[in-house]
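**Student:** Mind folding the following:
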Amino acid sequence: MSGNVTDVIKSNLFADYFSAQNFRSEPIPLDYSIENKFLNKNIELWELRKSIQKMRNTTPGADNIPAAWFKKLEGSSLLVILHLFNQQLSFSPIPKSSYSLIVDYYGDPWPRSGL
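**Tutor:** This next block holds a predicted model:
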């Protein structure tokens, strides 16, 4: 293995610091104690279509459904999904996982495995 012990230690310290800075979980500041007309209105069809158009054709999310599947849906199928989303927003509790956000970065300049 080329490089000396000091280089490995420095790279591990930098990677640990970088990871700690980029994986902090910050609470989303939402106040549900007041009526907010923007948080309480239904999603509209044009909003759903716009969101689907902006989706990247990358790895599927937690639902395991790829973006390409949503992009191929036609009007009647979109209306069903829109209805499901609005029902979910109206009648379901907000999961605790929605209260925080983790922002991931692309790639790791120093993979820590095998060092």
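**Student:** where does this protein dip in pLDDT?
**Tutor:** Scanning the chain with the threshold set as pLDDT under 70 gives 1-5, 18-40, 94-115.
**Student:** mind listing the strands for it?
**Tutor:** Listed in chain order, the strands of the chain (DSSP state E) span 26-27, 100-101.
**Student:** Give me the distance between residue 43 and residue 12.
**Tutor:** Using C-beta to C-beta, to the nearest Å, we find residue 43 at a distance of 45 Å from residue 12. Bear in mind the C-beta positions are built from the backbone N, C-alpha and C, glycine included.
**Student:** Please name the residues that touch the closest residue to residue 79 other than its chain neighbours.
**Tutor:** Excluding the flanking residues, the one nearest residue 79 by C-beta to C-beta, 6 or more residues apart in numbering is residue 45, at 7.1 Å. Contact partners of residue 45, counting by C-beta atoms under 8 Å, 6 or more residues apart in numbering, are 78-79, 82.
**Student:** give me that answer again for 10 Å
**Tutor:** Counting by C-beta atoms under 10 Å, 6 or more residues apart in numbering, residue 45 touches 75, 78-79, 81-82.
**Student:** ditto for residue 75
**Tutor:** Counting by C-beta under 10 Å, 6+ apart, residue 75 has contacts 45, 49.
**Student:** the helices in the chain, which residues?
**Tutor:** Ranges of helices within the chain are 5-22, 45-54, 67-71, 75-91, based on DSSP state H.
**Student:** Could you export these as CSV, including distance to residue 61?
**Tutor:** Below are the helices of the chain laid out as CSV (distance: least, C-beta to C-beta, whole Å):
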stretch, distance to residue 61
helix 5-22, 20
helix 45-54, 13
helix 67-71, 9
helix 75-91, 14
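**Student:** I'd like to know which of the ones you listed is closest to residue 60.
**Tutor:** Nearest to residue 60 among those is helix 67-71 (7.7 Å), distances taken as C-beta to C-beta.
**Student:** what packs against that closest one?
**Tutor:** Packing contacts for helix 67-71, counted by 3 or more C-beta pairs under 10 Å, 6 or more residues apart in numbering; DSSP states H and E, involve helix 45-54, helix 75-91.
**Student:** Look up how far residue 51 lies from residue 85.
**Tutor:** Using C-beta to C-beta, residue 85 is found at 10 Å from residue 51.
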